[in-house]
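*Asks:* Turn this into a structure:
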Amino acid sequence: EAGFPKPLSDGALLGVVGEFVRASLPFTEASAEALTYQFLTAMGNCLGTSVYAHFGPDRHYPALFALIVGNTASGKGQSLSCVRALMREVDPDWESVHWRSSAASGEGLVRLASENETDGRLFLVLPEVTTLLNSMARDGSNLSGYLRLAYDRAPLENQRSKGGIVAKDYLLSCIGHITPAELLESLATVDFYNGSINRFVWAAVSKSKTLPRMSRTPDFGGLAEKLRGILALPPPGAIGFDDRAAGTWDRWVYSLPESDDKLGAATERAKPNALRLALLYACLDEERLISKRPPQIQERHVKAATELVDR
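*Replies:* Numbering: from 1, shown residues only. Next up, the predicted model:
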C-alpha cells in the first residue's frame with residue numbers, strides 16, 4: 001500500500017559513498033540503493049572499534065546489520081560483488097581474514113566471532129538469509145539471542161563446546177539477502193517482538209537496468225586510494241554532534257511514529273541504526289584528509305543517515 005520506496009537523494013550519496021555508486025553503476029544492473037547500504041556496511045566493519053558514538057552509557061560502533069530485500073534478478077549479488085572488488089583494492093587482507101558466509105546456529109556465530117584474535121572484526125554475509133530466519137524459528141534455537149547480543153557487542157559464550165568458547169573483543173557487521181516472496185513466507189515464523197529483526201536496516205532494492213553483456217570492470221583506483229587514506233588517519237575514538245547536527249537529529253527523533261504493530265517492532269532500533277550510519281558518514285567524510293582533525297557528526301551526515309533509515 002505504501003508503494004516502493006523512493007530512490008536515494010543526492011544528499012545520501014555524500015562524498016565517497018556517491019563516488020562508489022557512480023563508479024559502479026555503469027557496470028552492474030544493481031541500483032544505487034543496493035550499492036549504498038552494502039558499501040556502508042563493509043566500510044563500517046573496516047573502521048572497526050576505532051570510532052564510536054555515545055548514546056547515554058552505551059557505545060555505538062559503525063557496525064551495521066543490513067537486510068537487502070529484492071527479487072532474484074534485482075542485483076543484490078552484483079552490488080555486493082562491486083563492494084568486494086573495491087575492498088580488495090582498499091585492504092587486500094580484509095576479505096580473507098574477516099569475510100564469512102555461514103552462521104546457521106548460535107554456537108556457529110560464537111565460534112566465528114571468537115576466531116579472529118587480531119582485532120575481532122567479523123563481516124558476515126548471508127546470501128540466503130531465509131536459512132537464518134528458519135534457524136531462528138526452530139525450537140531450542142539460540143541464534144536469535146546471540147544476534148541480539150552481537151549487535152550490542154556483548155560477550156558471547158558457548159558452553160556446549162568442549163572447554164567452552166567465549167567471544168569478547170569482536171565487532172560483527174552483517175549483510176543478508178532475501179527475496180520478497182521468501183520474506184513473506186518467513187514472516188509467519190519470525191518473532192518480530194523479540195528484538196532480532198529490528199537490529200537490521202531494511203533496504204528494498206530493484207534492478208536499475210538490463211545489461212546484455214559486460215566484460216569491463218569498474219575503476220576503483222582513485223577511490224581506493226582515498227579510502228586507504230581515511231582508514232590510515234589516527235583513530236578518533238568517541239565523536240559527537242556539532243550544534244546544527246544535534247538540532248536536526250532531535251527534530252528527526254521526535255518525528256518518529258510510535259506503534260506497537262509489526263512495523264513498529266521491526267523499526268524499534270531506528271535511532272541506534274541512524275546513529276551508526278551518521279557515525280559512518282562522518283568518518284568517511286573527505287574533509288578529514290585535508291583538515292586532519294577528528295571527525296564530528298555534522299548536519300549533512302545526520303540527514304544522509306536518517307534518509308537511509310526512513311527509507
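*Asks:* Give me the residues contacting the longest strand seen in the chain.
*Replies:* Secondary structure of the chain read by DSSP state E shows that its longest strand is strand 171-178. With Cβ atoms under 8 Å, 6 or more residues apart in numbering as the test, strand 171-178 has contacts from 38, 41-42, 44-45, 48-49, 61, 63-70, 76-77, 80, 113, 119-130, 132-133, 150-151, 153, 186, 200. C-beta coordinates here come from the backbone N, C-alpha and C atoms, glycine included.
*Asks:* Got a quick PyMOL command for the buried subset of those residues?
*Replies:* Buried subset of these, written as a PyMOL selection, criterion 16 or more other Cβ atoms under 10 Å:
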select buried, resi 38+41+42+44+45+48+49+61+63+64+65+66+67+68+69+70+76+77+80+113+120+121+122+123+124+125+126+129+130+132+133+150+151+153+186+200
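*Asks:* In its sheet, which strands sit next to the longest strand of the chain, and in what direction?
*Replies:* According to DSSP bridges, strand 171-178 has the following sheet partners: strand 65-69 (parallel), strand 121-126 (parallel).
*Asks:* Show the residue spans covered by the helices in this protein.
*Replies:* Using DSSP state H, the helices of the chain run over 15-24, 32-47, 76-90, 94-98, 106-115, 129-137, 143-151, 180-187, 221-231, 243-255, 262-266, 270-283, 287-291, 299-310.
*Asks:* send the alpha carbons of the last one over as PDB?
*Replies:* Spelled out, that is helix 299-310. Extracted C-alpha coordinates of helix 299-310, given in PDB (Å, rounded to 0.1, in the frame of the first residue of the first chain):
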ATOM      1  CA  GLU A 299      24.100  18.100   9.700                       C
ATOM      2  CA  ARG A 300      24.700  16.600   6.300                       C
ATOM      3  CA  HIS A 301      25.700  13.300   8.000                       C
ATOM      4  CA  VAL A 302      22.500  13.300  10.000                       C
ATOM      5  CA  LYS A 303      20.300  14.000   7.000                       C
ATOM      6  CA  ALA A 304      22.000  11.200   5.000                       C
ATOM      7  CA  ALA A 305      21.800   8.700   7.800                       C
ATOM      8  CA  THR A 306      18.100   9.400   8.600                       C
ATOM      9  CA  GLU A 307      17.200   9.200   4.900                       C
ATOM     10  CA  LEU A 308      18.600   5.700   4.800                       C
ATOM     11  CA  VAL A 309      16.700   4.700   7.900                       C
ATOM     12  CA  ASP A 310      13.400   6.500   6.900                       C
END
